[in-house]
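A.B. asks: what would the 3D arrangement of this be:
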Amino acid sequence: MTPSSCPSWSERFVTRDGVRLACRDWGGSGTGVLLLHGLAGHAGEWDDTARLLRDSGHRVVALDQRGHGGSERHPGDVSRAAYVADAVAVIDQLGLDRPVLIGQSLGGSTALLTAAAHPGLPRALVLVEAGPGRANPGVQEQIGGWLRAWPVPFPSREVAVAYLGGGKEPVGEGWAGGLEERADGLWPRFDPEVMVRSLDENATRAFWEEWAALSCPTLAVLGQGEQGGIIGGEEYAEMVRLRPALRGAGLPGAGHDVHLEQPGILHRLIVDFLADDSAASDD
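C.D. replies: Sure thing, here's the model as predicted:
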């Protein structure tokens with residue numbers, strides 16, 4: 001077993017309004033970190049980053065957000081507010097004092113909205129391939145069609161990695177790590193229809209008001225590979241205009257799954273950002 005595959009976290013559960021949420025608690029000491037995965041993802045996507053952050057002096061927890069992984073698969077409420085309330089409950093019940101919120105994609109949306117709704121809660125915010133976005137009426141059909149098209153069950157992990165990675169093995173390994181083994185093969189640990197409902201608000205509005213209301217130091221990490229990320233130049237320019245102190249970093253060669261493709265570089269960006277006086281301040 002390689003060091004990167006050694007289980008060095010404990011499973012913890014938090015219950016909020018009857019919904020059970022599963023977490024990977026990596027332990028550690030120092031400033032707390034809450035890691036939030038994207039739509040149809042899972043807490044294990046953060047394993048490499050979580051290990052590096054813990055070993056560099058942080059208390060680290062990664063959450064399976066509602067509807068995903070080991071958490072409740074069919075919650076009645078999949079609103080943005082429900083995701084935010086879950087993050088707050090995990091922070092409270094697992095004792096993460098003024099943590100750094102780090103989220104990728106839809107997890108970044110959760111982190112952003114949590115920081116906006118609870119300005120005294122986070123010490124800092126790291127958005128990985130995430131931003132205020134825009135109203136996108138076609139997003140449900142687009143994402144739903146993609147998820148429903150998965151050729152499940154996958155007969156083997158190798159087949160799943162090849163299909164889900166799109167030619168990038170680290171991405172395929174990350175996505176395949178969230179699959180559930182059953183007698184007939186490997187299945188997603190989510191319901192595509194729940195995922196589609198989770199996008200209801202993203203289909204109808206952007207979150208610029210919440211972005212402008214943020215008060216904590218913020219780092220935005222963008223993929224800049226051949227296929228690019230989801231944050232375009234105009235959106236990023238507006239993010240900076242509304243919050244001139246925003247720190248930004250683009251990773252050439254990385255796409256939307258920056259945390260899977262370049263976890264070491266992402267870790268260094270986060271550590272350097274938090275070492276800055278403005279992000280490390282207890283004010």
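A.B. asks: mind listing the helices for the stretch 101-250 of the chain?
C.D. replies: 106-117, 139-148, 157-165, 169-176, 192-197, 200-204, 208-213, 233-242 (DSSP state H, counting those that start in this stretch).
A.B. asks: centre of the chain versus the shortest one, how much separation?
C.D. replies: For helix 200-204, the distance between its averaged C-alpha position and the chain's averaged C-alpha position is 18 Å (Cα atoms, centre = their mean, to the nearest Å).
A.B. asks: pick the most buried one from the helices of the stretch 101-250 of the chain.
C.D. replies: Of the helices of the stretch 101-250 of the chain, the one with the most neighbours on average (mean count of other Cβ atoms under 10 Å) is helix 106-117, at a mean of 25. From N, CA and C alone the C-beta is placed, and that goes for glycine too.
A.B. asks: how about that one as CSV, C-alpha atoms only?
C.D. replies: Only the C-alpha atoms of helix 106-117 are listed here, as CSV (Å, rounded to 0.1, in the frame of the first residue of the first chain):
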residue,chain,number,x,y,z
LEU,A,106,-20.5,23.6,-6.4
GLY,A,107,-18.6,23.1,-3.2
GLY,A,108,-17.1,26.5,-3.8
SER,A,109,-20.6,27.9,-4.2
THR,A,110,-21.4,26.4,-0.8
ALA,A,111,-18.2,27.9,0.7
LEU,A,112,-18.9,31.3,-0.8
LEU,A,113,-22.5,31.4,0.4
THR,A,114,-21.5,30.2,3.9
ALA,A,115,-18.9,33.0,4.2
ALA,A,116,-21.4,35.6,3.0
ALA,A,117,-24.2,34.4,5.3
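A.B. asks: mean confidence for that helix?
C.D. replies: For helix 106-117, mean pLDDT is 98.
A.B. asks: same for that helix, what does it pack against?
C.D. replies: strand 31-36, helix 80-93, strand 100-104, strand 124-128, helix 208-213 (3 or more Cβ pairs under 8 Å, 6 or more residues apart in numbering; DSSP states H and E).
A.B. asks: where does the protein have low pLDDT?
C.D. replies: Filtered on pLDDT under 70, the chain yields the residue ranges 1-7, 226-228, 277-283.
A.B. asks: most centrally placed residue in it?
C.D. replies: The centroid of the chain falls nearest to residue 37 when counting by Cα atoms, centre = their mean (2.5 Å).
A.B. asks: state the distance from that residue to residue 110.
C.D. replies: According to Cβ to Cβ, to the nearest Å, residue 37 stands 9 Å off from residue 110.
A.B. asks: ok, back up a step: make TSV out of the helices of the stretch 101-250 of the chain and add distance to residue 130.
C.D. replies: Output for these, formatted as TSV (distance: least, Cβ to Cβ, whole Å):
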stretch	distance to residue 130
helix 106-117	2
helix 139-148	14
helix 157-165	20
helix 169-176	17
helix 192-197	17
helix 200-204	11
helix 208-213	11
helix 233-242	11
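A.B. asks: for residue 271, find the nearest of those.
C.D. replies: helix 106-117 (17.7 Å; Cβ to Cβ).
A.B. asks: ok, back up a step: residue contacts, the residue nearest to the centre of the chain?
C.D. replies: Contacts for residue 37 (Cβ atoms under 8 Å, 6 or more residues apart in numbering) come out as 43, 45, 46, 62, 63, 64, 65, 68, 103, 104, 105, 107.
A.B. asks: if you set the cut-off to 6 Å instead, what comes out?
C.D. replies: Residues near residue 37 by Cβ atoms under 6 Å, 6 or more residues apart in numbering: 45, 107.
A.B. asks: is residue 39 in a helix, a strand, or coil?
C.D. replies: With DSSP: H, G, I helix; E, B strand; the rest coil as the basis, residue 39 sits in coil.
A.B. asks: can you count the residues close to it?
C.D. replies: 21 (other Cβ atoms under 10 Å).
A.B. asks: ok, it to residue 238 distance?
C.D. replies: Counting by Cβ to Cβ, the gap from residue 39 to residue 238 is 23 Å.
A.B. asks: the helices and strands packed on helix 106-117: which one's closest to residue 54?
C.D. replies: strand 31-36 (8.3 Å).
A.B. asks: what's the neighbour count on residue 56?
C.D. replies: So residue 56, with other Cβ under 10 Å, has 15 neighbours.
A.B. asks: apart from its neighbours in sequence, what residue is nearest it?
C.D. replies: residue 271 (5.6 Å; Cβ to Cβ, 6 or more residues apart in numbering).
A.B. asks: and if you look at residue 150?
C.D. replies: residue 188 (6.7 Å).
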